[in-house]
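Asker: attaching a predicted model along with its sequence, questions to come.
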Amino acid sequence: MNQDIRLFGAIAVRPAVLSLVSRFETATGFNVAVKWELNPTVKKQIEAGEPFDLVITNPHLVEDLTALGKVRAGSQVAFGRIAMGVAAKAGSRALDIGSVQAFGHALKSARSIAYASDGTSGGYFSGLLERLGISDEVKPKLVAIPGGQTAPAVGRGEAELGVVPVTSILAAAPEVMLVGRFPAELQSYIDFAIGISAHSTDAEAARQLSEFLMSPAVDGILAAKGVERH
């Protein structure tokens with residue numbers, strides 16, 4: 001009986017990675033036990049002793065965990081990146097966010113905007129409002145949503161728009177639609193990397209899962225879910 005491979009990953013990659021895990025299990029006979037949290041929480045929990053075999057989170061967090069002796073040195077590989085996008089309830093009127101000006105206008109015109117207050121994307125969005133000089137106008141409309149629930153909250157009508165990684169918006173269909181990605185000048189890709197635990201109970205199985213997730217054969221599946229390879 002194979003022991004589970006414990007995969008601990010960031011919520012933003014969950015929709016894309018889950019679609020691959022079942023394929024890996026079928027191909028190898030391994031079982032993969034998955035756990036998902038916001039990026040900062042992934043790091044905190046591993047620091048506190050959370051057992052794992054493979055982690056997928058921001059590259060700098062994998063580097064920090066390597067320095068702490070939690071991730072095996074030399075095991076880090078770049079997984080991919082996810083663009084930021086705007087979500088709306090399915091069937092909403094079309095919205096132009098193709099230029100910086102149109103994007104700012106859409107945010108100022110929205111009644112309410114959901115965002116992941118504790119996640120990487122939420123931190124970037126808060127800074128972006130300051131950069132665009134519309135923070136005072138938009139901040140009163142912001143609705144802070146806990147980890148992984150931003151897009152579904154838009155689907156439930158808790159906010160008119162949502163600002164969240166594209167993977168989460170695509171995964172919330174059909175209740176939610178992708179209005180569009182941030183304009184190129186404002187786009188911030190959230191990068192993700194894979195690391196293998198320095199204390200894995202089955203380092204060979206973890207390595208096989210890492211290689212599978214990095215395989216060019218799954219690039220198309222990842223792209224359809226919103227993860228871009230570099």
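Answerer: In hand now; what should we look at?
Asker: all helices of this protein, in order?
Answerer: Under the criterion DSSP state H, the chain contains helices at 14-28, 39-47, 59-67, 100-109, 120-132, 135-138, 150-155, 166-171, 203-214, 219-225.
Asker: for this protein, give me the ranges with low pLDDT.
Answerer: Residues of the chain meeting the criterion pLDDT under 70: 1-2.
Asker: out of the helices of the chain, nearest to residue 73?
Answerer: helix 59-67 (5.6 Å; C-beta to C-beta). C-beta here means a position set from N, CA and C on the backbone, and glycine is covered the same way.
Asker: tell me what the closest one is packed against?
Answerer: helix 39-47, strand 190-196 (3 or more C-beta pairs under 8 Å, 6 or more residues apart in numbering; DSSP states H and E).
Asker: go again using 10 Å as the cut-off
Answerer: helix 39-47, strand 54-57, strand 77-82, strand 190-196 (3 or more C-beta pairs under 10 Å, 6 or more residues apart in numbering; DSSP states H and E).
Asker: give me whichever of these is most buried.
Answerer: Most buried of the helices and strands packed on helix 59-67, by mean neighbour count (mean count of other C-beta atoms under 10 Å): strand 54-57, with a mean of 27.
Asker: skipping adjacent residues, who's closest to residue 79 in space?
Answerer: Distances taken as C-beta to C-beta, 6 or more residues apart in numbering place residue 192 nearest to residue 79, at 4.4 Å, with adjacent residues excluded.
Asker: how close does the one you found sit to residue 138?
Answerer: Taken as C-beta to C-beta, to the nearest Å, the spacing of residue 192 relative to residue 138 amounts to 28 Å.
Asker: do residue 178 as well
Answerer: The value you get for residue 178 to residue 138, if C-beta to C-beta is used, is 20 Å.
Asker: with residue 72 instead?
Answerer: 43 Å.
Asker: do residue 166 as well
Answerer: Residue 166 is 21 Å from residue 138, by C-beta to C-beta.
Asker: looking at the two, which has the bigger crowd around it?
Answerer: Neighbour comparison, residue 166 and residue 138: the larger count goes to residue 166, with 26 against 18 (by other C-beta atoms under 10 Å).
Asker: pretty sure that one is touching residue 87, no?
Answerer: Yes: contact criterion C-beta atoms under 10 Å: residue 166 and residue 87 qualify, at 9.1 Å.
Asker: tell me the residues that contact both of the two, please.
Answerer: 151, 178, 180 (C-beta atoms under 10 Å, 6 or more residues apart in numbering).
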